[in-house]
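Visitor: Here is my input, please return the structure:
(one chain, ligands or ions: 2)
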Amino acid sequence: MGYTIAQKIIKEHLLSGEMKVGTDIGLKIDQTLTQDATGTMAYLEFEAIGVPRVKTEKSVAYIDHNTLQTGFENADDHRFIQTVAKKHGIWFSRPGNGICHQVHLERFGIPGKTLIGSDSHTPTGGGIGMLAMGAGGLDVAVAMGGGAYYITMPKMVRVNLLGKLSPWVSAKDIILEVLRIMSVKGGVGKIIEYAGEGVKTLTVPERATITNMGAELGATTSIFPSDDVTREFLKAQGREEVWKELKSDEDAVYDEEITIDLSKLAPMAACPHSPDNVKTIEEIGPQKIDQVCIGSCTNSSYLDLMRVAAILKGKTVHPGVSLAIAPGSKQVYNMLALNGALGDLIGAGARILECACGPCIGMGQSPNSAGISLRTFNRNFLGRSGTKDGQIYLVSPETAAASALTGVFTDPRTLGDAVEIKLPEKFLINDNMVVEPIKESKMDEVEVLRGPNIKPFPKTSPLDGSIDASCSLKVGDNITTDHIMPAGAKILPLRSNIPAISQHCFTVCDKDFPQRALELGKSVIVGGSNYGQGSSREHAALAPLYLGVKAVLVKSFARIHRANLINAGILPLTFVNADDYDRIDQGDELVIENVRAKVTNGEPIVVKDVTKGIEIAVDCDLTERTRDIILAGGLLDYTRESNK
Ligand code: MIC
Ligand code: SF4
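Guide: Ligands and ions are numbered 1, 2, ... in the order given. Now for the predicted structure:
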């Protein structure tokens with residue numbers, strides 16, 4: 001039996017386990033990336049593990065999220081990351097160099113290699129044929145130290161792309177169509193591989209738009225073949241030598257297949273407040289809009305912004321619209337500046353932002369009250385923009401630019417002849433904003449600088465014999481990490497200060513939660529399906545840990561968040577019978593007797609709801625390794641113990 005592309009890469013990197021769907025496998029990790037909002041914790045954890053130098057082929061620390069410096073906190077964190085990176089062998093991408101995923105694709109990504117990043121959109125690297133996955137900071141720390149990265153062997157989905165996109169329809173519309181078909185839960189436990197004749201019509205940055213937003217499917221990752229198009233891209237980046245061909249075998253077996261005829265797609269939008277709430281622009285109709293934001297790791301490539309510039313050239317942004325544009329990388333920004341396209345954007349009235357995540361993570365540009373904002377980003381979760389009642393629609397750069405000019409939702413196909421932008425034969429290559437780490441022999445000369453914002457990792461403890469705790473919070477389906485641990489300009493600077501950031505935990509759903517949980521001392525959270533979808537931020541597990549949450553009992557989990565709970569030593573439980581969710585209420589007294597012994601022996605676990613006088617059967621579903629992590633009180637304790 002032949003292999004899929006992902007299976008081939010997995011096979012080459014397998015350190016433990018077998019490629020059997022649903023079982024635990026350990027992978028050798030070639031490259032890692034971190035960003036600043038998750039990086040501070042990841043490097044504190046790396047220091048705690050105690051390995052002096054990274055053991056990966058390449059590890060890069062990016063500064064792209066917390067770039068709004070309204071106090072000392074972010075600047076202190078950047079300095080910490082810069083010094084810790086220099087000491088331990090990590091390349092440092094300075095603030096201003098761009099968004100981690102865009103820069104990594106341009107400058108470091110290599111087909112056939114494995115990459116994990118402390119950011120859920122790390123699968124962007126799948127656009128260049130990497131097996132690239134989002135992970136919690138602690139998993140990245142372990143991988144930097146040479147440890148394996150563990151995942152559950154995923155199922156394989158093949159998405160056949162037929163034909164070719166019509167003019168004005170773009171890669172964003174392809175992934176919106178996949179989201180419409182599969183939903184935000186549809187990719188859980190799966191790797192999505194793109195195939196078919198349509199693949200060769202898409203450039204690497206376009207493929208990366210698609211794999212980037214595969215994160216919104218809940219997929220483990222998404223991947224494209226590495227072909228002549230990949231080779232051309234790498235050549236234009238001056239890196240042709242790292243190219244290798246990657247394709248699936250003729251007789252590779254997929255668990256699921258989806259076929260999309262590219263020629264039939266129309267411009268689309270994901271409507272509030274979920275990336276899978278997809279409609280065509282035509283269906284939405286010419287509704288008035290207030291804001292347009294172009295950028296983010298999904299759509300801020302040279303091609304994207306050149307198309308936008310061509311649409312805006314010589315025109316003026318509608319008086320009712322604020323248009324903000326953040327180029328994805330210094331390479332993109334610099335090229336636009338040199339070829340005049342930046343002048344076209346400025347001339348039309350765009351508000352140019354630095355190349356960073358910016359509005360995508362609520363770092364500025366929050367829309368007006370109830371404002372309708374069209375964004376080329378990947379997430380439109382409630383409140384993420386920083387405006388609680390903001391109405392965020394996710395669209396392609398073409399739809400965004402066309403609508404910015406008219407002030408209403410506008411199908412770009414009404415603009416007339418399509419703009420033809422080709423990838424340059426040579427990108428502008430200047431890596432002067434990437435700082436090389438110091439030689440190992442000199443590492444003792446580097447002092448790691450820590451500001452007062454950096455507080456130690458929260459206290460962990462081995463799993464208790466029994467858990468006796470109240471249900472401190474009950475939430476519904478599709479709870480995102482933006483609900484659990486909101487981001488934005490005010491809260492993100494607290495990412496290296498767990499006691500302070502915990503005060504914002506779940507406040508989107510219930511402003512009293514942090515206080516209540518602290519007063520209870522120990523508690524359990526109850527939730528619905530796809531709990532923890534979205535970000536890789538381990539703060540969504542560390543803040544509950546700090547607040548005394550011992551277990552989370554839900555209908556189902558999103559992959560990275562479940563791993564983060566385990567890494568934090570919080571017991572992840574699922575209802576055996578989903579209807580039992582309705583029988584528990586917030587405030588109920590819950591007892592899990594002999595939980596330590598049951599987890600140790602893999603015996604069935606029962607949650608007693610003392611308030612209701614009922615017993616509820618739950619699953620814990622741990623592998624030998626994750627069981628030991630839970631028993632130890634989290635991955636840090638487990639790793640320290642295993643290194644002894
Ligand atoms: C996001 O898009 O939500 C983020 C901010 O990039 C996160 C990481 C974080 O919370 O720091 C992600 O996607 O993992
Ligand atoms: Fe940054 Fe947004 Fe991409 Fe997250 S999704 S890495 S916040 S640009």
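Visitor: how about the nearest residue to S120, chain neighbours excluded?
Guide: Spatially, and ignoring its direct neighbours in sequence, S120 is nearest to G134 (3.8 Å; C-beta to C-beta, 6 or more residues apart in numbering). (C-beta placed from N, C-alpha, C; glycine too.)
Visitor: For the one you found, list each beta-bridge partner.
Guide: Each beta-bridge partner of G134 is listed here: G117, as defined by DSSP bridges.
Visitor: wait, it sits on G117?
Guide: Yes - contact criterion C-beta atoms under 8 Å: G134 and G117 qualify, at 6.1 Å.
Visitor: On the three-state scheme, the closest residue to ligand 1 within the stretch 101-250 of the chain is what?
Guide: Nearest residue of the stretch 101-250 of the chain to ligand 1, counting by C-beta to the nearest ligand atom: S120, 3.5 Å away. Three-state call for S120 (DSSP: H, G, I helix; E, B strand; the rest coil): coil.
Visitor: ok so, going back, please name the residues that touch the residue nearest to S120.
Guide: Contacts of G134 were listed using C-beta atoms under 8 Å, 6 or more residues apart in numbering, and they are 116-123, 215, 536, 560.
Visitor: could you dump the residues you listed to CSV with neighbour count?
Guide: CSV is the format used below for those (neighbours: other C-beta atoms under 10 Å):
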residue, neighbour count
I116, 30
G117, 32
S118, 33
D119, 31
S120, 27
H121, 29
T122, 31
P123, 31
A215, 31
S536, 30
I560, 31
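Visitor: Compile these into TSV and extend it with columns for distance to D619 and pLDDT.
Guide: Shown next, in TSV, are the contacts of G134 (distance: C-beta to C-beta, whole Å; pLDDT from 0 to 100):
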residue	distance to D619	pLDDT
I116	27	98
G117	29	98
S118	28	98
D119	29	98
S120	25	98
H121	30	98
T122	28	98
P123	27	99
A215	25	98
S536	24	97
I560	19	97
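Visitor: What is the nearest of these to A578?
Guide: I560 (22.0 Å; C-beta to C-beta).
Visitor: can you list the weak-confidence ranges in the protein?
Guide: Along the chain, the parts satisfying pLDDT under 70 run over 644.
Visitor: Name the residue closest to the centre of it, please.
Guide: S120 (1.8 Å; C-alpha atoms, centre = their mean).
Visitor: what sits against it?
Guide: 134, 215, 534-536, 560.
Visitor: right, and G362 touches G386 too?
Guide: Yes - at 3.9 Å, G362 and G386 qualify as touching, with contact defined as C-beta under 8 Å.
Visitor: Look at those two and report which has more neighbours.
Guide: Higher neighbour count among G362 and G386: G362, with 24 against 19, using other C-beta atoms under 10 Å.
Visitor: follow-up on the earlier one: overlap in contacts, G362 and G386.
Guide: If you check G362 and G386 against C-beta under 8 Å, 6+ apart, the residues they both contact are 488-489.
Visitor: quick one, helices of the stretch 301-450 of the chain?
Guide: 302-312, 330-339, 341-348, 397-406 (DSSP state H, counting those that start in this stretch).
Visitor: now the third one against helix 397-406, angle please.
Guide: Yep, that's helix 341-348 we're talking about. Here helix 341-348 points in a direction 30 degrees away from that of helix 397-406 (axes from the mean of the first three to the mean of the last three C-alpha atoms, to 10 degrees).
Visitor: could you say what helices and strands helix 341-348 packs with?
Guide: Helix 341-348 sits against helix 302-312, helix 330-339, strand 351-352, with contacts defined as 3 or more C-beta pairs under 8 Å, 6 or more residues apart in numbering; DSSP states H and E.
Visitor: Does F80 fall in a helix, a strand, or a coil region?
Guide: With three-state DSSP as the criterion, F80 reads helix.
Visitor: before we move on, what about R562?
Guide: Under three-state DSSP, R562 comes out as helix.
Visitor: rewinding a little: now, of the helices of the stretch 301-450 of the chain, which is deepest in the fold?
Guide: Mean neighbour count (mean count of other C-beta atoms under 10 Å) peaks for helix 397-406 among the helices of the stretch 301-450 of the chain, with a mean of 27.
Visitor: what sits up against it?
Guide: Contacts for helix 397-406 (C-beta under 8 Å, 6+ apart): 168, 170, 172, 267, 269, 281, 286, 289, 292-294, 299, 304-305, 307-308, 311-312, 315-318, 321, 323, 348, 350, 374-376, 395, 409-412, 414-415.
Visitor: Now the buried members of those residues.
Guide: 168, 170, 172, 267, 269, 281, 289, 292-294, 299, 304-305, 307-308, 311-312, 317-318, 321, 323, 348, 350, 374-376, 395, 409-412, 415 (16 or more other C-beta atoms under 10 Å).
Visitor: F92: helix or strand, and which one exactly?
Guide: Applying DSSP states H and E as the criterion places F92 in strand 91-93.
Visitor: Do the helix or strand that that strand is followed by and ligand 1 come into contact?
Guide: Later in the chain than strand 91-93, the nearest helix or strand by DSSP H and E is helix 100-103. No - for helix 100-103, no contact with ligand 1 is found by C-beta under 6 Å from any ligand atom; the gap never falls below 8.5 Å.
Visitor: What of stretch 72-87?
Guide: No - remark: stretch 72-87 sits outside contact range of ligand 1, by C-beta under 6 Å from any ligand atom, the gap being at least 11.9 Å.
Visitor: Name the residues of that stretch that come out as buried.
Guide: Result for stretch 72-87 [16+ other C-beta under 10 Å]: buried residues 73-78, 80-87.
Visitor: Among these, which are located in helices?
Guide: Mapping the buried residues of stretch 72-87 onto helices (DSSP state H) picks out 73-78, 80-87.
Visitor: Out of those, which is nearest to E12?
Guide: Nearest to E12 among those, with distances taken as C-beta to C-beta, is A85, at 27.8 Å.
Visitor: so who does that closest one touch?
Guide: 43, 61, 91-92, 435, 437.
Visitor: distance of it from ligand 2?
Guide: Using C-beta to the nearest ligand atom, to the nearest Å, A85 is found at 18 Å from ligand 2.
Visitor: same thing with N380?
Guide: With C-beta to the nearest ligand atom as the criterion, N380 and ligand 2 are 11 Å apart.
Visitor: ditto for L394
Guide: Remark: distance between L394 and ligand 2 (C-beta to the nearest ligand atom) = 11 Å.
Visitor: Good, wrapping up.
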